[in-house]
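Participant: 3D, please:
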Amino acid sequence: MADYKPEIYFIGQIVGGSDFPTDLDGLFVEASLKYGENWKLIEKTSTIQTHTSYPDDEGFFVFAHPFDFYFICESVQGWPKLNIKVWRLDQYGKLDNIAYGIINLPNETGSFDLECPTWRPMSGWREESYNYYLGGPPKLVNSDPIVRDLNKRRFLTSMSSGSIHIHCEVLMKGYRDSFISGDQ
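Facilitator: Predicted coordinates for the structure are as follows:
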């Protein structure tokens with residue numbers, strides 16, 4: 001058998017955001033790919049950023065920002081996921097990171113509408129009161145608890161912060177013929 005590796009395409013868009021606690025401020029999303037060492041990203045970039053969007057009458061933020069990720073893989077371990085950060089641009093031009101989220105990309109062919117719930121860290125009542133009046137929610141100093149260290153993640157106190165909606169088409173080429181398993 002030839003040294004052939006399966007190809008996987010993730011094509012789609014960050015559709016928008018809903019239920020974020022902001023009225024007049026704009027939001028934009030920064031999304032970065034996280035994947036294992038058995039995966040190789042071909043072409044394109046692993047980080048995308050949407051434009052700033054303002055809410056419609058129902059409070060939905062429309063981004064409609066496309067993405068196109070093309071991988072060659074040797075194992076299903078380290079399946080790609082999107083690490084999401086939601087940023088707020090207030091009326092004074094101040095930027096605040098207001099939410100974090102992570103979502104696995106689909107692991108089968110087809111068309112998928114995904115919803116990534118987001119959260120933000122919480123601090124004590126005094127800091128929360130200060131942040132309410134002066135802006136600027138608490139931020140993570142280190143993003144390891146989100147992506148890498150599951151033991152640290154359970155010690156974070158957080159609250160829900162809205163959802164990011166993603167549409168993703170998954171195409172696989174040579175996947176069934178490759179004898180890939182999770183044991184590799």
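Participant: residue nearest the centroid of this structure?
Facilitator: What sits nearest the mean C-alpha location of the chain, by Cα atoms, centre = their mean, is residue 84, with 2.9 Å.
Participant: the closest residue to that one other than its chain neighbours: how many residues sit nearby?
Facilitator: Leaving aside its sequence neighbours, residue 84 sits nearest to residue 101 (Cβ to Cβ, 6 or more residues apart in numbering; 4.1 Å). Backbone N, C-alpha and C define where each C-beta goes, glycine included. Under the neighbour criterion other Cβ atoms under 10 Å, residue 101 is assigned a count of 22.
Participant: which stretches in the chain count as helices?
Facilitator: For the chain, the helices defined by DSSP state H cover 125-134, 144-147, 150-153.
Participant: which one of those has the lowest average pLDDT?
Facilitator: For the helices of the chain, the stretch scoring lowest in mean pLDDT is helix 144-147; its value is a mean of 58.
Participant: pLDDT-wise, which helix or strand of the chain ranks last?
Facilitator: Across the helices and strands of the chain, the lowest-confidence element by mean pLDDT, DSSP states H and E is helix 144-147, at a mean of 58.
Participant: return the distance of the longest strand seen in the chain from the chain's centre.
Facilitator: Counting residues, the longest strand in the chain under DSSP state E turns out to be strand 158-173. What separates the centre of strand 158-173 from the centre of its chain is 7 Å, taken as Cα atoms, centre = their mean, to the nearest Å.
Participant: any buried residues in it, and which?
Facilitator: Applying a neighbour-count criterion of 16 or more other Cβ atoms under 10 Å, one finds 158, 161, 162, 163, 164, 165, 166, 167, 168, 170, 172 buried in strand 158-173.
Participant: same thing with stretch 16-23?
Facilitator: Using 16+ other Cβ under 10 Å as the test for burial, stretch 16-23 gives 16, 17, 20, 22.
Participant: ok, residues contacting that stretch?
Facilitator: Contacts of stretch 16-23 with the rest of the structure, by Cβ atoms under 8 Å, 6 or more residues apart in numbering, involve 27, 29, 53, 55, 59-64, 86, 88, 98-99, 161-165.
Participant: how about a cut-off of 7 Å?
Facilitator: Applying Cβ atoms under 7 Å, 6 or more residues apart in numbering, the contact partners of stretch 16-23 are 27, 59-63, 86, 88, 161-165.
Participant: need the buried residues of stretch 16-23 in JSON lines (columns: pLDDT).
Facilitator: As requested, those are exported to JSON lines (pLDDT from 0 to 100):
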{"residue": "16", "pLDDT": "98"}
{"residue": "17", "pLDDT": "97"}
{"residue": "20", "pLDDT": "92"}
{"residue": "22", "pLDDT": "79"}
